[in-house]
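Visitor: sequence first, then the predicted structure, then my questions.
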Amino acid sequence: MNIIEAKNIKKSFGEQEVLKDISFQIGLGEVVALIGSSGSGKSTLLRCLIDLEKIDRGTILMEGKPLVENGQYSDKKAIRELTAKMGMVFQQFNLFPNMSVKENLMLAPRLVKKESEAVLEDRCQRLLQKVGLAPKANAFPALLSGGEQQRVAIARALMMEPEILLFDEPTSSLDPELTGEVLQVIKQLADEHMTMVLVTHEMGFAKEAAHRVIFMDQGRIEEEGTPEQIFNHPQKERTRLFLISSYK
Amino acid sequence: MELLNYFIKVIPFMLSGMKTTLALGVVTILFSLPLGFLTTMGIRSRFKPLSWLLESYIYVMRGTPLMLQLMFLYYSLPYAPLIGKLFTMNRFMAASVAFILNYAAYFAEIFRGGFLAVPKGQYEACQVLGLNRWQTMIRVIMPQMFRVALPSISNETITLVKDTALAYVIALPEIMHAAKAAVSRDAVPTPYLFAAALYLLMTFVLTLIFKKLEQRYRLQEK
C-alpha cells in the first residue's frame, strides 16, 4: 500500500524550474533516501510533501486522499488533516529556544491533540528515553550539543505520532563526530518499520538503512532502485559521476 | 547650607512637576506599547491598504519632530475647520496623545525588528507540528520576538522620560516647567540642577528595572 503518491509534480521559483515532472510512491514502512547534489531539488520536493512549499502542477496523494490534485490544492482543513499525519525533522533542528526540552515535546500535542496530560507525559518520557535524552528533559536547547538537539527534534516530531517522518538533511549541520548518534536513532526507527523519507548526503547511511534510493539531478528523478542497484550498479552516467564525486 | 535650605524650600514644587512627568510617562508606555504592537501586526497583515496606511503613519511620526507634533496637536488642531472642536484638549491630554502616537511608531519599528530576528525555521516547525497561526504567534514567536526587542524597548523608555521635557512647549507643568518657573521667580540657577537630579533618579530606577527584566529572560535560555 502506498502512503504517498506523487504524480507529475512541477514547481518553479520565479523563472527557475526546480522540479520538472516528478513522480514517485512511498510504501507503508518503507525507508527512502533522496540523494543528489545541492540544487537538484530534493529538499524542495520533501518540503512540498508537507506543504511548506506549494507545487505549480501535479498531484500529491496521502493515503489516497489528495493534498493537491492536478495543481488544485484541497481546502485548508483537508490539508491540515493530511499533513498532520506527517512529521518533519529539519537540518537546523528548529527547536523552540524559549522552552525546555520537555516543553518542546509537549507544546504541539497539548495544543493540537486532544489527549490527556498523563498520556502525553508518559509518551514524552518514553520518547526521550528512546533518543537517550531522558536526563535532559528540563534543559534548554542552547545548552545541548547539535546531536542532542537533533535527537530532541526527532522526539518532538514523534510526539505527534506521525505515520511518516520526513528528514531534511538531518545531519548536515552537525560535526562529524555527532552524526552517528542521530543516524543511530533514525536506524532504530527504520527497524521499527517507521515510514521515512530522508534527504541525505550520508551515502554510507543511505546504503545501510534505506530500502530504496532515489537519485535526483537538476529537478528530475534520474534513477531509482535498491541501494544495491544504485550504489553498486548505477545505470546512468550522471548517477555514476555523482557517486564518484561524493565518495571523494 | 544655603543650597540645602533652598532645596527643601523648592522641592515640593519640583516634585509636583515630577508627578506630571511620571503621569505622562506612564500613560505613554501603557498605551504606546500595545498600540505599537498592533501597528506592527497591521503592517505584517496581508491586507495591503492597512499596511500602507500604517507605514505612512510611522513615516510621519518618525519624520517630524516630536516638539512640532506637540505644538500641532495643542495649538493648531483646535483651529481645523469642522473637526477642530473635537480635538480641543487640555495640556495633559494633548501631550499624552502626541507622546502615545509618536512612541507607538518607534515601538512598532522595534517590534518589527524583533519579528525579523525570529528565524523562518521557527514558523516552519510550528506549521509541521500542526499549530495554527494564533498558537504559533502567542506561544513560539512572540516570546522570542519580545526577548530580542527588550533592550531597545528599555532604551526607548529611558529616552521617553527625558523627552517628556518637550511638553514644556505647550506649558505642561512638568519638571522642566517647574524648574524654569523657580529659576525665574527666585533668580537662582540651581533648580535646573535639581531637575537634572530628578531625571537621573527616574532613569536610574528604569535602568534597574529593565536590567532585571533582561536577566530574567536571559536566564530562561541558559
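Guide: Great, that's in hand.

Visitor: check contacts around B:Leu206.
Guide: B:154, B:157-158, B:161 (CB atoms under 8 Å, 6 or more residues apart in numbering or on different chains). Every residue, glycine included, has its C-beta placed from N, CA and C.

Visitor: in CSV, list those residues along with neighbour count and distance to chain A.
Guide: Shown next, in CSV, are those (neighbours: other CB atoms under 10 Å in any protein chain shown; distance: CB to the nearest CB, whole Å):
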residue, neighbour count, distance to chain A
B:Ser154, 17, 19
B:Thr157, 21, 22
B:Ile158, 17, 25
B:Val161, 22, 29
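
Visitor: which of those residues fall within helices?
Guide: Judged by DSSP state H, helices contain the following of those: B:154, B:157-158, B:161.

Visitor: what helix or strand is A:Leu198 on?
Guide: strand A:195-199 (DSSP states H and E).

Visitor: could you point out which element follows that strand?
Guide: Downstream of strand A:195-199, the first helix or strand assigned by DSSP H and E is helix A:203-209.

Visitor: what bridges to the residue nearest the centre of chain A?
Guide: In chain A, the centroid-proximal residue (CA atoms, centre = their mean) is A:Leu166; its distance is 1.6 Å. Taking DSSP bridges as the rule, A:Leu166 bridges to A:Met88, A:Val197.

Visitor: try A:Gln72
Guide: Here A:Gln72 sits in beta bridges with A:Glu69, going by DSSP bridges.

Visitor: number of residues surrounding it?
Guide: 9 (other CB atoms under 10 Å in any protein chain shown).

Visitor: equivalent analysis for B:Lys212, please.
Guide: By the measure other CB under 10 Å, the count of residues near B:Lys212 is 9.

Visitor: quick one: average confidence on stretch A:81-92?
Guide: Mean pLDDT, stretch A:81-92: 95.

Visitor: can you check stretch B:101-117 too?
Guide: 95.

Visitor: now do the helices in chain A.
Guide: So, for chain A - with DSSP H - the helices run A:42-49, A:76-83, A:101-112, A:117-130, A:146-159, A:176-191, A:203-209, A:227, A:237-247.

Visitor: and chain B, which of those is closest to it?
Guide: Closest approach to chain B among these (CB to the nearest CB): helix A:101-112, 3.7 Å.

Visitor: just the CA trace of that closest one, in PDB.
Guide: The C-alpha coordinates for helix A:101-112 follow below in PDB (Å, rounded to 0.1, in the frame of the first residue of the first chain):
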ATOM      1  CA  VAL A 101      13.300  20.000  26.100                       C
ATOM      2  CA  LYS A 102      10.100  18.700  27.700                       C
ATOM      3  CA  GLU A 103       8.100  21.800  26.800                       C
ATOM      4  CA  ASN A 104       9.400  21.500  23.200                       C
ATOM      5  CA  LEU A 105       7.900  18.000  23.100                       C
ATOM      6  CA  MET A 106       4.700  18.800  24.900                       C
ATOM      7  CA  LEU A 107       3.600  22.000  23.300                       C
ATOM      8  CA  ALA A 108       2.200  20.800  20.000                       C
ATOM      9  CA  PRO A 109       0.400  17.700  21.300                       C
ATOM     10  CA  ARG A 110      -1.100  19.700  24.100                       C
ATOM     11  CA  LEU A 111      -2.500  22.300  21.700                       C
ATOM     12  CA  VAL A 112      -3.400  20.100  18.800                       C
END
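
Visitor: same for it, what does it pack against?
Guide: helix A:117-130, helix A:146-159 (3 or more CB pairs under 8 Å, 6 or more residues apart in numbering or on different chains; DSSP states H and E).

Visitor: list the buried residues for the first one?
Guide: The one in question is helix A:117-130. Within helix A:117-130, the residues that qualify as buried by neighbour count (16 or more other CB atoms under 10 Å in any protein chain shown) are A:120, A:123-124, A:127-128, A:130.

Visitor: chain center to that helix, what's the gap?
Guide: Centroid separation for helix A:117-130 versus its chain: 22 Å, with CA atoms, centre = their mean, to the nearest Å.

Visitor: what about residue 204, neighbour count?
Guide: No chain specified, so I'll use chain A. Per other CB under 10 Å, the neighbour tally for A:Gly204 reads 11.

Visitor: that's the wrong chain, I wanted chain B
Guide: 11.

Visitor: okay, and it sits in which element?
Guide: helix B:190-221.

Visitor: same check on B:Leu82?
Guide: Using DSSP H and E, B:Leu82 maps to neither a helix nor a strand.

Visitor: tell me, how many residues neighbour it?
Guide: B:Leu82, neighbours per other CB under 10 Å, totals 6.

Visitor: A:Asp56 reaches A:Tyr73, doesn't it?
Guide: No: judged on CB atoms under 8 Å, A:Asp56 makes no contact with A:Tyr73 at a distance of 11.0 Å.

Visitor: looking at those two, which is more packed in?
Guide: Legend: neighbour count by other CB under 10 Å for A:Asp56 and A:Tyr73, higher for A:Tyr73 (15 against 12).

Visitor: now do the contacts for that one.
Guide: Counting by CB under 8 Å, 6+ apart, A:Tyr73 touches A:54, A:67, A:79.

Visitor: let's have the helices and strands packed on helix A:101-112 in CSV, adding distance to chain B and mean pLDDT.
Guide: Compiled in CSV, those are given as follows (distance: least, CB to the nearest CB, whole Å; pLDDT from 0 to 100):
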stretch, distance to chain B, mean pLDDT
helix A:117-130, 13, 95
helix A:146-159, 7, 96
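
Visitor: just the pLDDT at A:Pro38, thanks.
Guide: Pro isn't right for residue A:38; it's Ser. At A:Ser38, the model reports a pLDDT of 87.

Visitor: quick check on it: phi, psi?
Guide: A:Ser38 adopts backbone torsions of phi -60, psi 140, taken as degrees, to the nearest 10.

Visitor: list the contacts for residue 189?
Guide: Picking chain A for this. Contacts for A:Leu189 (CB under 8 Å, 6+ apart) come out as A:154, A:165, A:196.

Visitor: um, chain B though
Guide: Counting by CB under 8 Å, 6+ apart, B:Pro189 makes contact with B:Val183.

Visitor: do the one 10 residues further on as well
Guide: For B:Tyr199, the contact set (CB under 8 Å, 6+ apart) comprises B:161-162, B:165, B:175.
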